[in-house]
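> Using only what follows, build the 3D model:
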Amino acid sequence: MSRRAKTSDPQPYDFRRPIKLSREHVRTLQIAYETFARQYTTLLTTSLRVVSQVSLVSIQQLTYDEYISALGNPTIVATVDLEPLPGTAIMEFSLGTAMASIDHLLGGPGGAQAERPLTDMETPLLRDLLTRVLEEMHYAFESITEIHPKLGVIDYNPQFVQACAPADAVIVASFDMRVGTEECLGTICMPFASIFPKLQGNDNDITLSSGQRAAREEAHRNMASALGTTPIDVAVRFEAVRLRPEQIIGLEPGDVVPLGHPVTAPLSVTAADITFAHAVPGSQGPRLACLVVPTPQNEMEAH
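Residues are numbered from 1 along each chain as shown. Model prediction:
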């Protein structure tokens, strides 16, 4: 009898980061980033008028500290707001590729460039190019969620960029980038907590048919109608009185417990220990009753 072939090697498991991207999550991100890479390639080639190529290499889950420590210095580090998602993403690529791109934009031959900070004239050119790149990211991620990436600050030292806490999990996509003869490895880093809920699926992101939408609206109306006729227990209460355990145990019929409730203050009307109104006590025929009154000013200020 032949032995079954080994299909995979053991994978390390970090118990400090128990939440990992599943194969389905990685595949969803892969489709989005491959679409982004194709759009990025077209944009660079048409804008710089030189053959360019951007291709996805890998998608990894790391800590922010691991990601930042692996980046070169100097390099282009651009922060990106992922509206309406919380958190800040990072778009990073080599300074040499940025300088070559700017040289092509200005009609130059490109190629190897001196690594130095961008001038006041070069910075707006790079920002305009990256802004158009981020518009392609918006299109690529439409299948996952609606995002409107907005370019933030551009820095050269990754250690100066504090987009996340060092121990926070991030999802890092790596790309092979080529602009003319200049090549580098670029990355896009997204906060794990921002994108992971969207990868799991969100009811608000699901497109419903007209029949499904009608059924959901009818269910909502039925639930609201049923809740409107459901009886609940309502209590009218004085302010609480504090007693020690021995005082409670020693209570006997006929004992009087003094209340600390001011005579001029209304009582609290509560349900499930939540105060939703105030009232003064009274009677209606043989029954005890209360009259709902406006909420005292001090209560309104407290809320």
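> Please give me every residue in contact with the closest residue to T88 other than its chain neighbours.
Excluding its sequence neighbours, the residue lying closest to T88 (C-beta to C-beta, 6 or more residues apart in numbering) is A163, at 4.2 Å. Heads up, the C-betas are built off the backbone N, CA and C, glycines and all. Residues counted as contacts of A163 (C-beta atoms under 8 Å, 6 or more residues apart in numbering) are 64, 79, 87-90, 189, 191.
> if you set the cut-off to 6 Å instead, what comes out?
For A163, the residues meeting the contact criterion (C-beta atoms under 6 Å, 6 or more residues apart in numbering) are 79, 88, 90.
> Roughly how far does I274 sit from I232?
Using C-beta to C-beta, to the nearest Å, I274 is found at 11 Å from I232.
> likewise N157?
N157 is 60 Å from I232, by C-beta to C-beta.
> more crowded one of the two?
Neighbour count, other C-beta atoms under 10 Å: between N157 and I232, N157 has more, with 12 against 7.
> Make sure that one is actually in contact with L71.
No. The pair N157 / L71 is not scored as a contact, 9.3 Å apart, by C-beta atoms under 6 Å.
> how close does the residue nearest to T88 sit to A89?
7 Å.
> roughly how far out does the strand or helix carrying R221 sit from the chain middle?
In this assignment (DSSP states H and E), R221 forms part of helix 210-228. The chain centre lies 29 Å from the centre of helix 210-228; the measure is C-alpha atoms, centre = their mean, to the nearest Å.
> still on that earlier bit, what do I274 and I232 both touch?
Going by C-beta under 6 Å, 6+ apart, no residue sits against I274 while also sitting against I232.
> Specify the local secondary structure of the most centrally placed residue in the chain.
Central residue of the chain (C-alpha atoms, centre = their mean): S194, 3.0 Å from the mean position. Here S194 is helix, with the state taken from DSSP: H, G, I helix; E, B strand; the rest coil.
> tell me the pLDDT at the closest residue in space to it that isn't next to it in sequence?
Computed as C-beta to C-beta, 6+ apart, the closest residue to S194 that is not its neighbour in sequence is G87, at 4.1 Å. pLDDT for G87: 88.
> Can you report how many residues lie near G87?
G87 - counted by other C-beta under 10 Å - has 17 other residues nearby.
> thinking it is in contact with P191, fair?
Yes. Taking C-beta under 6 Å as the definition, G87 is a contact partner of P191 at 3.6 Å.
> could you give the mean pLDDT of the helix of greatest length in the chain?
Using DSSP state H to define each element, the chain has its longest helix at helix 23-48. Within the predicted structure, the mean pLDDT of helix 23-48 is 92.
> Work out the gap between stretch 150-162 and the centre of the chain.
Relative to the mean C-alpha coordinate of its chain, stretch 150-162 is positioned 20 Å out (C-alpha atoms, centre = their mean).
> which residues are contacting it?
68, 71, 73-74, 77-79, 81, 130-131.
> rerun that using 8 Å as the cut-off
If you take C-beta under 8 Å, 6+ apart as the criterion, stretch 150-162 is touched by 68, 71, 73-81, 83, 88, 90, 92, 95, 117-118, 123, 126-127, 130-131, 134.
> For the longest helix of the chain, name the packing helices and strands.
Packing contacts for helix 23-48, counted by 3 or more C-beta pairs under 8 Å, 6 or more residues apart in numbering; DSSP states H and E, involve strand 52-63, helix 95-105, helix 122-140, strand 169-179, helix 192-200.
> want to try a markdown table for these, with distance to A214 and mean pLDDT as columns?
Output for the helices and strands packed on helix 23-48, formatted as a markdown table (distance: least, C-beta to C-beta, whole Å; pLDDT from 0 to 100):
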| stretch | distance to A214 | mean pLDDT |
| --- | --- | --- |
| strand 52-63 | 39 | 93 |
| helix 95-105 | 52 | 92 |
| helix 122-140 | 31 | 93 |
| strand 169-179 | 37 | 94 |
| helix 192-200 | 26 | 86 |
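> Mean neighbour count, the ones you listed: which tops it?
helix 95-105 (a mean of 23; mean count of other C-beta atoms under 10 Å).
> Contacts for it, please.
With C-beta under 8 Å, 6+ apart as the test, helix 95-105 has contacts from 44, 47-50, 74-76, 109-116, 118, 122, 125-126, 129, 156, 177, 179-184, 186.
> if we can go back for a sec, which residues are in contact with each of A163 and A89?
79, 189, 191.
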